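Q: Pasting the sequence and the predicted coordinates here, then a few questions.
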Amino acid sequence: MREAAELLATLPTGLWIGGHQTATEHTFPVYNPATGQVLTEVADATAGHGARALAAAAEAQAGWAATPSRTRAEILRRAWELVMARRDDFALLMTLEMGKPLAESHGEVTYGGEFLRWFAEEAVRVHGRYTHSPSGGGRILVTKQPVGPTLAITPWNFPLAMGTRKIAPALAAGCTMVVKPAAETPLTMLLLGQVFADAGLPPGVLSILPTSRAAALTDPMFTDERLRKVTFTGSTAVGKTLLAQSASRVLRVSMELGGNAPFVVFADADIDAAVDGAMAAKMRNMGEACTAANRFHVDNSVRAEFTAALSERMRALQIGPGHLDGVQVGPLISERQRDTVAELVRDATDKGARVTTGGSRVAGDGYFYEPTVLADVPADARILREEVFGPVAAITGFDGEAAGIAAANATEYGLAAYIYTTDLDRALRVAEALESGMVGVNRGIVSDVAAPFGGVKESGLGREAGTEGIEEYLETKYIALP
Ligand code: NAD
């Protein structure tokens with residue numbers, strides 16, 4: 001593909017530290033999951049680079065915090081304009097390094113870019129308060145200040161949006177940031193670094209450090225007294241490790257962790273609408289989304305109808321390399337991820353689940369797996385408890401509202417949940433009873449730049465986006481006055 005070769009030839013591949021591209025002694029390869037071939041090599045950051053980036057962040061912190069919020073906002077706004085101007089490059093790059101179909105990559109450019117515009121608008125609306133003590137004995141002044149230098153660690157599944165959802169509120173709040181992108185997808189973030197430089201971001205405010213050895217880079221940063229906060233998106237297992245590390249210096253933390261989203265279809269649901277919603281909730285990003293519907297709990301009275309309709313839609317999807325026209329399902333990120341999906345399908349079928357469509361790897365190059373529907377999934381199947389992160393819909397039945405709620409809540413996760421019902425009272429009752437940070441009612445997609453994104457239970461701590469997102473990067477200070 002000539003377009004891809006031209007883009008790759010002009011991309012920054014060095015570390016981005018203190019406003020400069022930095023080459024390193026060692027590099028590591030970035031692969032195209034549609035072919036298994038190397039796309040390019042990028043610089044490989046070590047602990048020494050981490051210390052340099054943190055030093056740059058600490059040095060820039062006071063100046064950035066003192067920069068008028070209007071100026072910070074205008075830089076963010078300019079960065080949004082530049083991302084939009086380069087939307088074709090960002091989209092192609094994400095398809096190349098992550099695998100999602102080009103149309104979905106364009107969707108992520110819009111969604112991921114939007115955090116830059118949203119937090120440009122939020123930057124100038126950080127408020128405090130001034131009140132009197134009820135005792136009459138004094139005045140209370142409350143103000144917000146930036147937390148300080150922050151480390152962001154991001155996953156591969158949304159290479160742009162998982163970065164901008166952290167970078168934009170941090171910069172808006174007046175914090176500096178060091179970003180460690182996922183090793184699978186560092187190119188998008190390095191291009192974003194260039195965009196920020198073009199937008200006029202002062203050196204040191206943002207550094208970007210790809211690495212093949214995450215812990216070796218970030219472990220020493222947790223004990224460095226210049227670091228004030230860690231914001232992480234990724235698996236619950238890694239999140240727990242980072243929480244333990246953060247405890248040693250009582251760092252502020254934001255954790256967006258794993259999910260196991262239930263998709264609950266009640267007897268009174270509009271089944272056509274539920275199937276549309278299921279396709280979006282399951283198949284966006286090939287199922288590699290923390291909000292992806294992981295298990296479908298369907299009232300037994302409508303289960304056969306729902307299963308047949310969903311299977312038909314899944315069977316019709318076109319699989320292939322994401323840059324090709326008409327492709328709806330790209331490859332999974334790696335062979336390891338495909339093995340995990342295959343293993344969870346095998347476990348379910350061994351225990352009695354029925355495959356109504358798909359169920360196999362696609363032969364040939366790349367890490368493709370067929371869109372799959374598993375019917376009659378038994379309660380002890382691992383796929384009902386573990387995040388599959390792939391294009392597999394596991395369907396199981398229940399009888400009545402209380403059983404549906406109980407099934408949905410039977411997990412240690414609590415990120416997103418989806419319900420389909422035409423009864424407004426039931427929708428509100430169930431939405432309130434679900435143990436999750438986000439509930440989609442008759443909708444298969446919940447993410448919105450203006451809404452608080454985040455989970456409860458083992459799905460995380462804190463919220464991103466919305467008016468809440470900037471709070472994660474602000475400290476509250478109380479000044480007592482006579
Ligand atoms: P992961 O936890 O393996 O990796 C995430 C990031 O952490 C990567 O950058 C990785 O290099 C880094 N990392 C891993 N071990 C580390 C360590 N010891 N120290 C420092 N950094 C370390 O997750 P993944 O496979 O990249 O992403 C998939 C997971 O992310 C899924 O569980 C998914 O649900 C979750 N996710 C959550 C959200 C959310 O907002 N809640 C969004 C997207 C993905």
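A: The structure has been received and is ready for your questions. What you see is a predicted model; the values in this text were computed from it and never measured.
Q: Heading C-terminal from the longest helix seen in the chain, find the next helix or strand.
A: The residue-count maximum for a helix in the chain (DSSP state H) belongs to helix 102-123. Downstream of helix 102-123, the first helix or strand assigned by DSSP states H and E is strand 129-132.
Q: gap between the residue nearest the centre of the chain and the ligand?
A: The structure's the chain has its C-alpha centroid closest to residue 162; by C-alpha atoms, centre = their mean the separation is 4.5 Å. Plainly put, residue 162 is 6 Å away from the ligand if you go by C-beta to the nearest ligand atom, to the nearest Å. For every residue, glycine as well, the C-beta is placed using N, CA and C.
Q: just checking, what packs against the helix or strand encompassing residue 152?
A: Using DSSP H and E, residue 152 sits within strand 150-153. When contacts are defined as 3 or more C-beta pairs under 8 Å, 6 or more residues apart in numbering; DSSP states H and E, strand 150-153 packs onto helix 161-173, strand 177-180, helix 214-222, strand 229-233.
Q: Verify the stated contact: residue 101 with residue 325.
A: No. At 9.7 Å, residue 101 does not count as touching residue 325 under the criterion of C-beta atoms under 8 Å.
Q: These two - which one has more neighbours?
A: Neighbours per residue, other C-beta atoms under 10 Å: of residue 101 and residue 325, the larger number sits with residue 101, 25 against 9.
Q: Residues of the protein that sit close to the ligand?
A: Contacts of the chain with the ligand, taken as C-beta under 6 Å from any ligand atom, map to 153-157, 162, 180, 182-183, 214-215, 218, 233-235, 238, 241, 256-259, 290, 387, 415, 455, 460.
Q: Out of the helices and strands packed on strand 150-153, the one nearest residue 145 is which?
A: Closest of the helices and strands packed on strand 150-153 to residue 145 is helix 161-173, at 8.8 Å (criterion: C-beta to C-beta).
Q: Put the buried members of the residues of the chain next to the ligand into a PyMOL selection.
A: Buried residues among the residues of the chain next to the ligand (16 or more other C-beta atoms under 10 Å), as a PyMOL selection:
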select buried, resi 153+154+155+156+157+162+180+182+183+214+218+233+234+238+256+257+258+259+290+387+415+455+460
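Q: quick one: buried residues of stretch 278-287?
A: In stretch 278-287, counting by 16+ other C-beta under 10 Å, buried: 278, 279, 281, 282, 283, 284, 285, 286, 287.
Q: Just the CA trace of stretch 222-235, in PDB.
A: C-alpha atoms of stretch 222-235 as PDB (Å, rounded to 0.1, in the frame of the first residue of the first chain):
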ATOM      1  CA  PHE A 222       6.700   5.500  41.200                       C
ATOM      2  CA  THR A 223       9.400   6.200  43.800                       C
ATOM      3  CA  ASP A 224      10.500   9.500  42.300                       C
ATOM      4  CA  GLU A 225       9.300  12.300  44.500                       C
ATOM      5  CA  ARG A 226       8.600  14.500  41.500                       C
ATOM      6  CA  LEU A 227       5.700  12.300  40.300                       C
ATOM      7  CA  ARG A 228       2.300  13.200  41.900                       C
ATOM      8  CA  LYS A 229      -0.200  11.100  40.000                       C
ATOM      9  CA  VAL A 230      -0.700   8.000  37.900                       C
ATOM     10  CA  THR A 231      -3.500   7.500  35.500                       C
ATOM     11  CA  PHE A 232      -3.900   4.100  33.900                       C
ATOM     12  CA  THR A 233      -6.200   2.400  31.400                       C
ATOM     13  CA  GLY A 234      -5.700  -1.400  31.000                       C
ATOM     14  CA  SER A 235      -6.300  -4.700  32.600                       C
END
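Q: Now the residue nearest to the centre of the chain: closest residue in space, sequence neighbours ignored.
A: residue 154 (4.3 Å; C-beta to C-beta, 6 or more residues apart in numbering).
Q: Tell me who's in contact with the one you found.
A: 162, 163, 166, 179, 180, 181, 182, 189, 233, 234 (C-beta atoms under 8 Å, 6 or more residues apart in numbering).
Q: 10 Å instead, please
A: 160-167, 179-182, 185-186, 188-189, 231-234, 256 (C-beta atoms under 10 Å, 6 or more residues apart in numbering).
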